[in-house]
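[1] my questions are about this predicted structure, shown below with the sequence.
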Amino acid sequence: MQAFQYQRASEVEGAISAASAAGVKFVAGGTTLIDLMKLNVERPATLLDINLLPLTKIERTPDGGLRIGAMVRNSDLAHDSSVQRDYPVLSQALLSGASPQIRNMATTGGNLLQRTRCVYFRDTAYACNKRDPGSGCAAMDGWNRMHAVLGTSEHCIATHPSDMAVAMMALEAVVHIRGPKGDRAVPLDEFYFVPGSTPQRENVLTPGELIVFVTLPPLASGTRSYYLKRRDRASYEFALASAAVVAQTSGSRVQRVRIALGGVGTKPWRSREAEHALEGREATDSNFHTAADAALRGARPLHDNAFKIELAKRTLVRALRVATAAA
Ligand SMILES: Cc1cc2nc3c(=O)[nH]c(=O)nc-3n(C[C@H](O)[C@H](O)[C@H](O)COP(=O)(O)OP(=O)(O)OC[C@H]3O[C@@H](n4cnc5c(N)ncnc54)[C@H](O)[C@@H]3O)c2cc1C
Ligand code: SF4
């Protein structure tokens with residue numbers, strides 16, 4: 001690990017102003033960043049500790065939604081009574097991730113910004129366009145069983161690893177950002193970039209910008225939600241495929257549904273194709289399969305990861321069954 005300076009911020013404006021200098025990185029729980037610094041993948045000149053910032057509250061918004069501070073720990077969010085009652089998909093996604101110890105440290109902002117687990121990104125001996133733009137992509141001809149099938153490019157096929165972000169995508173979360181030029185609010189669906197020819201650019205944040213909180217809109221009464229994750233072992237493992245479903249039904253008809261997939265996309269993958277295929281239709285297995293086919297229609301597999309297409313379809317069908325089953 002290269003030498004770095006350490007600073008601590010206790011108020012938001014000070015953090016933003018300090019982070020506008022070159023080479024400064026915020027550190028929250030540190031469960032992604034410190035690992036990557038030890039591997040020499042991230043090499044900030046200065047670590048700016050934001051653990052004292054007053055961004056730790058989970059509050060109701062005036063419209064009945066939820067406002068989640070960027071420093072709310074994943075454990076606290078998963079066990080919050082409003083989240084468990086009104087947004088169970090979020091609690092389920094959080095509890096399916098990492099381990100209790102990591103969730104006690106990991107924060108809402110840091111979880112959204114965690115980097116890919118691509119083994120070639122994490123090992124500086126290999127070519128990686130995301131870590132070293134223009135150097136190539138060792139995963140293309142390497143071991144790519146864990147890699148993405150949706151949103152890929154010839155420059156990068158890395159999967160976005162977050163479970164929480166997949167649930168937030170289906171909940172139509174909005175990311176609230178404060179930076180040197182002021183405040184802005186970005187729907188999560190517009191927050192991440194697909195890799196294209198610039199895989200090193202992962203999201204809309206610019207230098208000095210801090211995520212201050214995330215909001216979730218209120219859900220109509222009777223809305224049900226569910227998160228299902230498929231992985232190689234039952235805990236402490238990233239998704240091979242996952243599905244988040246937020247559904248409102250009327251009788252046996254799906255009135256409104258929001259669908260996102262994890263483990264298969266270069267970003268947490270909202271599938272409007274699947275939503276359109278299902279809205280207004282009967283909640284039947286046949287329609288669920290049609291929606292799942294629509295979600296994976298654009299998939300581009302490589303030699304080790306074609307199995308993810310069928311796995312993701314089955315995961316989504318199962319999640320749809322649960323989220324639309326009569327209460
Ligand atoms: C062994 C292991 C297993 C894991 N398994 C899973 C899993 O199954 N599912 C899953 O979803 N995740 C998993 N994770 C990842 C874990 O969820 C993330 O490491 C964690 O959520 C990151 O949060 P943090 O607060 O520690 O981020 P940090 O490491 O502190 O920061 C991550 C990045 O976010 C930036 N950042 C942090 N907060 C802000 C902010 N407010 N504004 C702007 N930038 C900010 C930092 O500068 C850094 O670039 C695992 C991690 C480990 C180590
Ligand atoms: S898939 Fe992306 S992150 Fe992995 S080696 Fe290729 S360019 Fe790097």
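    Arrived safely, thanks for sending. The structure displayed is predicted, hence computed values, not measured ones. Ligands and ions are numbered 1, 2, ... in the order given.

[2] Asp123: neighbour count?
    Each residue near Asp123 was counted by other C-beta atoms under 10 Å, and the total is 14. C-beta here means a position set from N, CA and C on the backbone, and glycine is covered the same way.

[3] for Arg184, same thing?
    Neighbour count of Arg184, defined by other C-beta under 10 Å: 12.

[4] check the one 4 residues further on too.
    Close neighbours of Leu188, defined as other C-beta under 10 Å, add up to 23.

[5] dihedrals phi and psi, it?
    The phi and psi values for Leu188, taken as degrees, to the nearest 10, are phi -60, psi -30.

[6] most centrally placed residue in the chain?
    Compute the mean C-alpha point of the chain, and by C-alpha atoms, centre = their mean the closest residue is Ala165, 2.7 Å away.

[7] could you confirm that residue falls within a helix?
    Yes. Ala165: assigned to a helix according to DSSP: H, G, I helix; E, B strand; the rest coil.

[8] who touches it in this structure?
    Asn111, Leu112, Leu188, Gly262, Pro268 (C-beta atoms under 8 Å, 6 or more residues apart in numbering).

[9] now the second one: closest residue in space that isn't a chain neighbour?
    So the one you mean is Leu112. Leaving aside its sequence neighbours, Leu112 sits nearest to Ala165 (C-beta to C-beta, 6 or more residues apart in numbering; 5.6 Å).

[10] distance of the one you found from ligand 2?
    Relative to ligand 2, Ala165 is positioned 17 Å away (C-beta to the nearest ligand atom, to the nearest Å).

[11] now swap in Arg230 and tell me
    21 Å.

[12] also Arg270?
    With distances taken as C-beta to the nearest ligand atom, Arg270 is found 21 Å from ligand 2.

[13] Glu190 now?
    For Glu190, the distance to ligand 2 under the criterion C-beta to the nearest ligand atom works out to 21 Å.

[14] was I right to think that residue contacts Arg184?
    No. Assessed by C-beta atoms under 8 Å, Glu190 is found out of contact with Arg184, at 10.9 Å.

[15] low-confidence ranges in this structure?
    327 (pLDDT under 70).

[16] show me where the chain has strands.
    Along the chain, the stretches classed as strands by DSSP state E are 5-8, 24-27, 46-49, 58-60, 66-69, 174-179, 182-187, 210-216, 224-230, 241-250, 253-262, 269-270.

[17] so what strands line up beside the shortest one?
    What it means is strand 269-270. Looking at strand 269-270 with DSSP bridges, its partner strands are strand 253-262 (antiparallel).

[18] looking at the stretch 201-327 of the chain, which residue is nearest ligand 2?
    Of the residues in the stretch 201-327 of the chain, the one nearest ligand 2 is Thr266, at a distance of 8.4 Å by C-beta to the nearest ligand atom.

[19] this protein against ligand 1: which residues are in contact?
    Residues of the chain that fall close to ligand 1, judged by C-beta under 6 Å from any ligand atom: 25-33, 35, 70, 74, 97-98, 102, 105-107, 109-111, 113-114, 161-164, 210-211, 236-238.
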